[in-house]
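Peer 1: pasting a predicted model and its sequence here:
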Amino acid sequence: MKLSVVIPVYNEIHTIEEILRQVCALPLDLEIIIVDDGSTDGTREVLGALDPTVFKVIFHEHNLGKGGALNTGFAHTTGDIVIIQDADLEYHPDEIPKVIAPIVNGKADVVYGSRFLGARRVFMFTHMLGNKFLTLLTNILYNTTLTDMETCYKAFRGDVARSLNLKARDFGCEPEITAKVFRRDLRVYELPISYDGRTYAEGKKITWRDGLKAVYWLVRCRFTVDDVGHETLRRMAATDGYSQLIIQRIQSDVGQRVLEVGSGLGNVSAHLGRRELLVVSDITDSYLEKLQRRFSGNSRVSVVRYDLNEGAREDLKELGLDTIICLNVLEHIQDDAGALQGLADMLCPGGRLVLLVPAHPALYSPLDRNLDHFRRYRRPQLIRLLARNGFKVERSFHFNMLGALGWWFNGRVLRRKVLPGGQLRLFNMVARLLRFEAYFHPPFGLSLVVTARREERPEPARLPASSS
């Protein structure tokens, strides 16, 4: 695996050359990214003279803070794993292979190197007390058991680091990173590292003011949503009764060789029961990892990366699929006609597509925009779209009339960006009422469900052979 080492630098003229020497000595496939954050002590000149074939150096014209430097550094990484390395000599690069080992072995998404579990130089009591308090607050707010939230040595899967999108520009980035990691339910390991803490006379920069900022960012991130899509899926996972109702309504249309497109966290897949073959798919690394863990040991379930924008995939086409389930995915695709054509091509003749999409364009709101929905559908529009792309609709119905009212109120009236967790839990309690929709067929609903069969395509006419 390639390791990207991101080194934020600000006025480290006395240590920068030594730290780079130590990093370069690592026996790993390295990508070293240095972000100079407006240094004024001669550090920029040292970095400017480095070999560009070995180091990728980015210069900030003005000091943006550690968070700003990390944002820049993460954006330039291409490695499978990313780790943060401070430019001073408090942390020892020869311990990096130990820190990243749980990610290399597939056990973790994120690893923290804890200064309080390993050997360390005795440092200031006030700093230790501050660290203990901030770590305790982290554990209370995020229900975890870290021992060192403020550590520099944080290693990530590459896709995780590149998706952090830090908003804190200063040392508030440390609690912000931690908050986002735990809000996303990532697998976090903690390992002991050694630590050689500096005094202020030796160049220490963090102060008590940064401790107050850390409290602010821990609280802010706990009660605001960063990744709307993941947060919505996580909250929907708690409404397990809703997923079961969807399966009950479509169960009779699902065959034995099934592909589910956009499985997310597996909220629906888990209720599909024993099938001859179930292929679950997504495009997000963290979701694929969770699907792998959820279905590990089940030989009937296969986890694959599949993007609906790809169209038909030969390896999936060869599986003899008799059913494709596509729930709350088509609205994310700009070319929905092309996506449907690809699904038709992957189904065996006579196979079924079970489609669930958001209904009624009049309900389109900030909730849709923040979930990256391009559109909501009218029933006649969707039926025509399917017919043009090789499908014949067998049945269609609106689903979740109560949800449509809630979506309208939260999205159109209150202009919310994510559905409140409390409302979803309440909805889960009354979701069983949706069973009655099967008997009276509501005229509207939050979603539109369609079952369509792939039509047999006539063989192209052949011209009669000419006689000589």
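Peer 2: Noted; the coordinates are in hand.
Peer 1: in contact with Glu276, which residues?
Peer 2: Residues near Glu276 by Cβ atoms under 8 Å, 6 or more residues apart in numbering: 256-257, 300. Any C-beta I mention is one placed from the backbone N, CA and C, and that applies to glycine too.
Peer 1: go again using 10 Å as the cut-off
Peer 2: By Cβ atoms under 10 Å, 6 or more residues apart in numbering, the contact set of Glu276 is 255-258, 300, 320, 322.
Peer 1: do Arg220 as well
Peer 2: 167-168, 172, 175-176, 179.
Peer 1: poorly predicted segments of this structure, please.
Peer 2: 119-124, 197-206, 208, 226-240, 428, 457-468 (pLDDT under 70).
Peer 1: that older thread, now render the contacts of Glu276 as a markdown table, adding neighbour count.
Peer 2: Below are those laid out as a markdown table (neighbours: other Cβ atoms under 10 Å):
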| residue | neighbour count |
| --- | --- |
| Gly255 | 17 |
| Gln256 | 13 |
| Arg257 | 18 |
| Val258 | 24 |
| Arg300 | 11 |
| Gly320 | 12 |
| Asp322 | 20 |
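Peer 1: gap between the helix or strand that contains Leu191 and the chain center?
Peer 2: Assigned by DSSP states H and E, Leu191 belongs to strand 188-192. Its chain's C-alpha centre and that of strand 188-192 lie 21 Å apart, by Cα atoms, centre = their mean, to the nearest Å.
Peer 1: span of stretch 141-151 from start to end?
Peer 2: Distance across stretch 141-151, first residue to last, is 18 Å (Cα to Cα, to the nearest Å).
Peer 1: ok so, going back, closest to Thr151 among the contacts of Glu276?
Peer 2: For those, the minimum distance to Thr151 (Cβ to Cβ) is 42.2 Å, reached by Arg300.
Peer 1: circling back to that earlier point, between the contacts of Glu276, which is closest to Asn63?
Peer 2: Nearest to Asn63 among the contacts of Glu276, with distances taken as Cβ to Cβ, is Val258, at 54.7 Å.
Peer 1: list the contacts of Ser296.
Peer 2: Val303.
Peer 1: you'd agree it is in a strand?
Peer 2: No: going by DSSP: H, G, I helix; E, B strand; the rest coil, the assignment for Ser296 is coil, not a strand.
Peer 1: now it: how far from Ser396?
Peer 2: 36 Å (Cβ to Cβ, to the nearest Å).
Peer 1: can you report how many residues lie near Ile177?
Peer 2: 25 (other Cβ atoms under 10 Å).
Peer 1: just the CA trace of the helix or strand that contains it, in PDB.
Peer 2: Secondary structure assignment for Ile177, by DSSP H and E: helix 173-183. C-alpha atoms of helix 173-183 as PDB (Å, rounded to 0.1, in the frame of the first residue of the first chain):
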ATOM      1  CA  CYS A 173      -9.000  20.500  13.600                       C
ATOM      2  CA  GLU A 174      -8.000  17.800  16.100                       C
ATOM      3  CA  PRO A 175     -11.400  17.500  17.800                       C
ATOM      4  CA  GLU A 176     -13.200  18.100  14.500                       C
ATOM      5  CA  ILE A 177     -11.400  15.100  13.000                       C
ATOM      6  CA  THR A 178     -12.200  13.000  16.000                       C
ATOM      7  CA  ALA A 179     -15.900  14.100  16.000                       C
ATOM      8  CA  LYS A 180     -16.300  13.300  12.300                       C
ATOM      9  CA  VAL A 181     -14.600   9.900  12.600                       C
ATOM     10  CA  PHE A 182     -16.900   8.800  15.400                       C
ATOM     11  CA  ARG A 183     -20.100  10.300  13.800                       C
END
